[in-house]
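Undergrad: Quick check, what structure comes out for this input:
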Amino acid sequence: VPFGELRAVSLIALLRMGVHTTHRRRFYKSFVAMPLFEDMAPWNIVFVAGKLAYIDQDTQDKTFDDAVPRAYQTMSALMNYIRTV
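TA: Here you go, the predicted model:
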């Protein structure tokens with residue numbers, strides 16, 4: 001991974017530094033509002049220019065927001081199936 005100048009800090013680094021509860025809540029709200037990417041690991045989320053951003057170069061072109069409702073329905077159907085069997 002080519003690195004240039006430092007312009008951001010990873011979410012995991014911020015959380016491990018023990019940021020204030022107010023900031024943690026703000027990060028949580030920002031994180032939940034982001035599109036759902038394939039690799040939402042905290043080291044792929046950075047705080048830059050006052051907001052959270054996804055930085056994984058390999059997967060940033062595709063989101064899964066449209067698949068979330070279907071995934072929930074699928075998990076629900078499988079849980080009901082398991083209870084029946």
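
Undergrad: so where's this protein uncertain?
TA: Along the chain, the model assigns pLDDT under 70 to residues 1-3.

Undergrad: which residues in it form strands?
TA: Under the criterion DSSP state E, the chain contains strands at 9-10, 45-48, 51-54.

Undergrad: How much space separates Arg25 from Ala53?
TA: Arg25 sits 19 Å away from Ala53, going by Cβ to Cβ, to the nearest Å. Backbone N, C-alpha and C define where each C-beta goes, glycine included.

Undergrad: between the two, which one's more packed in?
TA: Taking neighbours as other Cβ atoms under 10 Å, Arg25 and Ala53 compare with Ala53 leading, 15 against 11.

Undergrad: how far away is the more buried one from Ala71?
TA: For Ala53, the distance to Ala71 - Cβ to Cβ - is 24 Å.

Undergrad: Identify, out of the strands of the chain, the most deeply packed stretch.
TA: Neighbour counts (mean count of other Cβ atoms under 10 Å) averaged over each of those peak at strand 45-48, with a mean of 18.

Undergrad: Do a quick rundown of the helices in this structure.
TA: 11-16, 21-33, 68-84 (DSSP state H).

Undergrad: quick one: stretch 62-71 to chain centroid distance?
TA: Remark: stretch 62-71 is offset 13 Å from the chain centroid, using Cα atoms, centre = their mean, to the nearest Å.

Undergrad: And for it, what's in contact with it?
TA: Pro35, Leu36, Phe37, Glu38 (Cβ atoms under 8 Å, 6 or more residues apart in numbering).

Undergrad: Pull the contacting residues for the last one.
TA: Counting by Cβ under 8 Å, 6+ apart, Glu38 makes contact with Asp56, Thr59, Lys62, Phe64.

Undergrad: Now the two most distant members of those.
TA: Asp56 and Phe64 (13.3 Å; Cβ to Cβ).

Undergrad: Need the residues touching each of those two.
TA: What both Asp56 and Phe64 touch, as defined by Cβ under 8 Å, 6+ apart, is the set Phe37, Glu38.

Undergrad: what's the closest non-adjacent residue to the spatially most central residue of the chain?
TA: When Cα atoms, centre = their mean is applied to the chain, the residue found nearest the centroid is Met40 (3.8 Å). The shortest distance from Met40 to any non-neighbouring residue, by Cβ to Cβ, 6 or more residues apart in numbering, is to Tyr54 (7.5 Å).
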